[in-house]
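Peer 1: pasted the sequence and its predicted model underneath.
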Amino acid sequence: MDIKRIEENYQRMSDNEIIRIATTDARGLRPEVFGIIENEIKKRNLDPNILQGAIAQNKKYSLSEVEQYSKLLRDLPCPICGNTHEKLNGTISHTVKSFIIFTTYGTEPTIACPDCLDKKNDDAILSSALLGWWGFPWGFFKTPIYIYRNYKAKKDNRLDTSNNTLLSYTLGNIGEIETYKDNKEKLKDIIKRRNN
Ligand SMILES: [Zn+2]
């Protein structure tokens with residue numbers, strides 16, 4: 001597509017679409033498109049940090065830089081229980097549930113305080129133990145594996161540094177974190193989405 005057409009497309013977009021693309025979907029955008037986004041931001045009087053969010057998605061980061069970003073999330077109150085005394089971290093809960101004719105598998109990230117992370121894994125263990133094993137044959141074989149993965153994930157819930165789940169969550173949402181790094185309410189939205 002030639003650049004004129006791309007520009008016209010952006011001009012037709014709503015403010016929310018521009019914000020969504022710039023903060024969450026800007027990976028791999030052609031360099032000329034950043035100029036178009038910048039123009040639209042100015043013209044519409046949008047938050048100029050949005051452009052920084054788009055640029056952030058196209059950078060390479062060292063581990064310590066990702067850790068730095070992840071601290072912005074760690075310092076937020078727990079999105080599940082509201083706890084402000086402990087630093088947040090991440091976990092993945094692994095669930096297998098068998099129904100009459102099919103078995104479902106779920107892996108879901110959560111960012112929360114250590115107690116709430118443990119509870120997420122415990123709930124996944126319990127529901128997999130109750131509902132997973134009797135789906136024949138795969139539920140039967142996979143349930144112990146899924147339960148084991150929750151136990152394994154739980155080991156990282158109380159690390160006093162950012163664990164791998166939080167780091168990969170941070171990198172996956174880097175555009176929004178960069179854009180809203182000074183806006184606590186927006187940062188809270190980024191981690192809350194996954195917990196509902
Ligand atoms: Zn909590």
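Peer 2: Looks like it arrived, so ask away. Residues are numbered from 1 along each chain as shown.
Peer 1: next one, pLDDT for the spatially most central residue of the chain please.
Peer 2: By C-alpha atoms, centre = their mean, the mean C-alpha position of the chain lies nearest to Tyr169, the distance being 4.3 Å. On the pLDDT scale, Tyr169 is placed at 96.
Peer 1: please report phi then psi for it.
Peer 2: In terms of degrees, to the nearest 10, the main-chain angles of Tyr169 are phi -60, psi -40.
Peer 1: how close does the residue lying closest to it once chain neighbours are set aside sit to the ion?
Peer 2: Nearest non-adjacent residue to Tyr169, counting by C-beta to C-beta, 6 or more residues apart in numbering: Gly90, 5.3 Å away. (C-beta placed from N, C-alpha, C; glycine too.) Distance of Gly90 to the ion, given as C-beta to the ion, to the nearest Å: 13 Å.
Peer 1: now do Pro79
Peer 2: Per C-beta to the ion, Pro79 is found 8 Å from the ion.
Peer 1: sec struct for that residue, please.
Peer 2: When classified by DSSP: H, G, I helix; E, B strand; the rest coil, Pro79 comes out as coil.
Peer 1: which parts of the protein are strands?
Peer 2: Ranges of strands in the chain, per DSSP state E, are 89-98, 103-112.
Peer 1: pull the contacting residues for Leu166.
Peer 2: Leu166 is in contact with Ser70, Leu73, Arg74, Leu88, Asn89, Gly90, Ile111, counting by C-beta atoms under 8 Å, 6 or more residues apart in numbering.
Peer 1: and the residues you listed, which is closest to Ser162?
Peer 2: Using C-beta to C-beta, Ser70 comes nearest to Ser162 of these, at 4.1 Å.
Peer 1: what does the protein put close to the ion?
Peer 2: Within the chain, the positions lying close to the ion (C-beta under 5 Å from the ion) are Cys78, Ile80, Cys81, Asn83, Ala112, Cys113, Cys116.
Peer 1: which one (most neighbours) among those residues?
Peer 2: Counting neighbours by other C-beta atoms under 10 Å, Ala112 leads the residues of the chain next to the ion with 27 neighbours.
Peer 1: separation between it and Ala54?
Peer 2: Computed as C-beta to C-beta, to the nearest Å, the Ala112 to Ala54 distance reads 28 Å.
Peer 1: got a pLDDT number for the most far-flung residue of the chain relative to its centre?
Peer 2: If you look at how far each residue of the chain sits from its centre, by C-alpha atoms, centre = their mean, the farthest one is Lys4, at 33.6 Å. With respect to pLDDT, Lys4 has a value of 93.
Peer 1: residues contacting Arg27?
Peer 2: Shown in contact with Arg27 (C-beta under 8 Å, 6+ apart): Gln57, Asn58.
Peer 1: would you map the helices across the chain?
Peer 2: Secondary structure of the chain (DSSP state H): helices at 3-12, 15-24, 31-44, 49-56, 63-74, 114-131, 138-154, 164-172, 174-179, 184-192.
Peer 1: put together JSON lines for those helices, with distance to Thr104 on each row.
Peer 2: Converted to JSON lines, these look like this (distance: least, C-beta to C-beta, whole Å):
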{"stretch": "helix 3-12", "distance to Thr104": "38"}
{"stretch": "helix 15-24", "distance to Thr104": "27"}
{"stretch": "helix 31-44", "distance to Thr104": "39"}
{"stretch": "helix 49-56", "distance to Thr104": "34"}
{"stretch": "helix 63-74", "distance to Thr104": "29"}
{"stretch": "helix 114-131", "distance to Thr104": "9"}
{"stretch": "helix 138-154", "distance to Thr104": "10"}
{"stretch": "helix 164-172", "distance to Thr104": "21"}
{"stretch": "helix 174-179", "distance to Thr104": "29"}
{"stretch": "helix 184-192", "distance to Thr104": "24"}
